[in-house]
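Engineer: The following block contains a protein sequence and its predicted model.
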Amino acid sequence: MELIKDLGEHELLRRLRKYCHPNLVGDDGAVFKVSEGMELVVSSDMLVENVHFSDRTTPPYMVGWRSVAANLSDLAAMGAYPLGITVALSLSPQTPWDWLESLYQGMKDCLDRFDTFIIGGDLTGGKVSAITEWRCAIAITALGEVKANQKILRNTAQTGDVIVTTGNHGLSRAGLEILLYPEKYQDLQENIKQKLILAHQKPQPRLDVIPRLHPYAPITGMDSSDGLADAIIQICQQSNKGARIYLDKIAPCAEILHITDDATALKWTLFGGEDFELVLCLSPEKAEKLIKGDRPLIKRIGEITEEKPIILIDNSNPDSEVLLDSNEIFNHF
Ligand SMILES: Nc1ncnc2c1ncn2[C@@H]1O[C@H](COP(=O)(O)OP(=O)(O)OP(=O)(O)O)[C@@H](O)[C@H]1O
Ligand SMILES: Cc1ncc(C[n+]2csc(CCOP(=O)(O)O)c2C)c(N)n1
Ligand SMILES: [Mg+2]
Ligand SMILES: [Mg+2]
Ligand SMILES: [Mg+2]
């Protein structure tokens with residue numbers, strides 16, 4: 001088996017060039033033009049072995065796809081279109097070339113889907129030690145562009161705004177569960193299993209929705225990389241508002257209910273993370289039009305309130321309002 005330590009840095013870079021922009025890589029920096037009248041958006045996200053992925057959960061092609069998708073999701077969350085990404089890797093010298101090749105193929109396929117490129121990066125060796133368990137860390141910086149009046153920010157929600165989400169939440173967490181404990185889910189229908197695993201391994205950044213948001217600007221929002229609950233909390237805190245969220249509107253989808261109990265399913269839906277959907281706030285009139293044009297992808301889940309608490313409302317039992325518990329949110333430390 002070919003290991004990257006036998007290839008050396010220059011040969012590795014030569015092989016990786018075919019996954020990059022044909023003209024922009026090779027100098028000390030990439031030079032490119034930002035379109036007239038647009039603003040530059042810059043965002044970084046890092047993926048670390050045994051934190052965001054592992055051999056058990058994610059083959060290298062999917063590690064590549066996910067790491068690009070997570071970064072393009074942050075551009076979508078800003079309302080921006082991608083211009084390119086840089087990729088910095090720390091790798092064990094024992095990494096097989098095949099692994100790296102698959103990683104880049106996954107990155108490139110995700111980038112191709114959205115007509116964008118790798119425009120630069122960096123490589124370093126990483127030593128396995130008793131302290132640092134990981135062998136691979138991937139740091140990506142994504143560059144994008146957005147018209148000033150189309151920017152999506154977290155701190156502009158207004159009282160009375162409707163909160164909508166794209167897609168479904170909790171699927172990625174359910175997929176991770178099946179990947180981590182396959183023996184528990186041996187009897188589960190194969191098509192359900194595949195849908196959940198794919199949600200975890202091959203998330204789709206919501207760049208597809210951005211053009212459809214243009215008529216309704218300005219919109220408030222962010223992506224749900226750290227979970228639906230985190231997105232609602234971040235938007236409310238940064239906008240100095242609260243929210244009412246309807247539990248029946250965020251009910252876990254059938255596939256998740258197939259693999260776990262109601263309480264766990266709701267927990268995954270609110271706090272699971274890594275679904276990379278968008279959580280958006282806009283006036284009731286605009287929200288109605290957006291939802292009408294985009295059903296069932298975009299759903300109303302609640303509204304922004306002047307009062308600070310974020311309340312979960314159970315329609316079947318209107319007296320039982322509970323506060324959204326921020327202690328459940330994913331925390332790296
Ligand atoms: N190490 C850091 N140094 C400086 N700023 C940072 C650092 N890490 C995050 N930030 C900034 O903090 C803000 C929130 O970052 P955070 O990583 O929580 O958002 P995100 O990238 O959307 O979420 P996720 O990492 O879950 O995808 C961003 O403006 C980001 O640029
Ligand atoms: C092997 C493995 N174990 C656990 C998880 C779950 N996980 C890791 S990071 C994260 C939140 C987002 O992080 P960030 O804020 O860095 O984007 C979640 C839900 C995984 N993906 N793979
Ligand atoms: Mg981040
Ligand atoms: Mg984000
Ligand atoms: Mg985070």
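Structural biologist: Cool, got the structure. Keep in mind that this is a model prediction, so the values were computed, not measured. Ligands and ions are numbered 1, 2, ... in the order given.
Engineer: ok so I119 is a strand residue?
Structural biologist: Yes - I119: assigned to a strand according to DSSP: H, G, I helix; E, B strand; the rest coil.
Engineer: What values do phi and psi take at the residue in the chain that ligand 1 sits nearest to?
Structural biologist: Going by Cβ to the nearest ligand atom, ligand 1 is nearest to S225 of the chain, at 3.4 Å. (Glycine included, C-beta is placed from N, CA and C.) When read as degrees, to the nearest 10, the backbone of S225 gives phi -60, psi -40.
Engineer: show me the contacts for it.
Structural biologist: If you count contacts by Cβ atoms under 8 Å, 6 or more residues apart in numbering, S225 has them with 45, 70, 73-74, 273-276.
Engineer: Which of those fall within helices?
Structural biologist: Members of these lying in helices (criterion: DSSP state H): 70, 73-74.
Engineer: Could you restrict the residues you listed to the ones contacting ligand 4?
Structural biologist: Residues of these in contact with ligand 4 (Cβ under 5 Å from the ion): D74.
Engineer: Export the ones in helices among the contacts of S225 as CSV, with columns for neighbour count.
Structural biologist: Shown next, in CSV, are these (neighbours: other Cβ atoms under 10 Å):
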residue, neighbour count
A70, 24
S73, 26
D74, 22
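Engineer: want to throw the ones in helices among the contacts of S225 into a markdown table with distance to Y216 and pLDDT?
Structural biologist: Shown next, in a markdown table, are the ones in helices among the contacts of S225 (distance: Cβ to Cβ, whole Å; pLDDT from 0 to 100):
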| residue | distance to Y216 | pLDDT |
| --- | --- | --- |
| A70 | 25 | 98 |
| S73 | 20 | 98 |
| D74 | 20 | 98 |
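Engineer: For ligand 4, state which of the ones in helices among the contacts of S225 is nearest.
Structural biologist: Using Cβ to the ion, D74 comes nearest to ligand 4 of the ones in helices among the contacts of S225, at 4.4 Å.
Engineer: can you list contacts of the helix or strand of the chain with the lowest mean pLDDT?
Structural biologist: Lowest by mean pLDDT, DSSP states H and E among the helices and strands of the chain is strand 321-323, with a mean of 87. Strand 321-323 has contacts (Cβ under 8 Å, 6+ apart) with 309-314.
Engineer: just the ones in helices among the contacts of S225 now: which is nearest N168?
Structural biologist: S73 (15.2 Å; Cβ to Cβ).
Engineer: thought that closest one was touching P203?
Structural biologist: Yes - using Cβ atoms under 8 Å, S73 is in contact with P203, at 7.4 Å.
Engineer: overlap in contacts of these two?
Structural biologist: Common neighbours of S73 and P203 (criterion: Cβ under 8 Å, 6+ apart): F276.
Engineer: what does the chain put close to ligand 2?
Structural biologist: Neighbours of ligand 2 within the chain, by Cβ under 6 Å from any ligand atom: 45, 51-54, 57, 176, 225-226, 273-274, 330.
Engineer: and these near ligand 4, which?
Structural biologist: Checking the residues of the chain next to ligand 2 against ligand 4 (Cβ under 5 Å from the ion), the matches are S225.
Engineer: Show only the entries of the residues of the chain next to ligand 2 found in strands.
Structural biologist: D45 (DSSP state E).
Engineer: Now the buried members of the residues of the chain next to ligand 2.
Structural biologist: By neighbour count, with 16 or more other Cβ atoms under 10 Å, the residues of the chain next to ligand 2 hold 45, 52-53, 57, 176, 225-226, 273-274 as buried.
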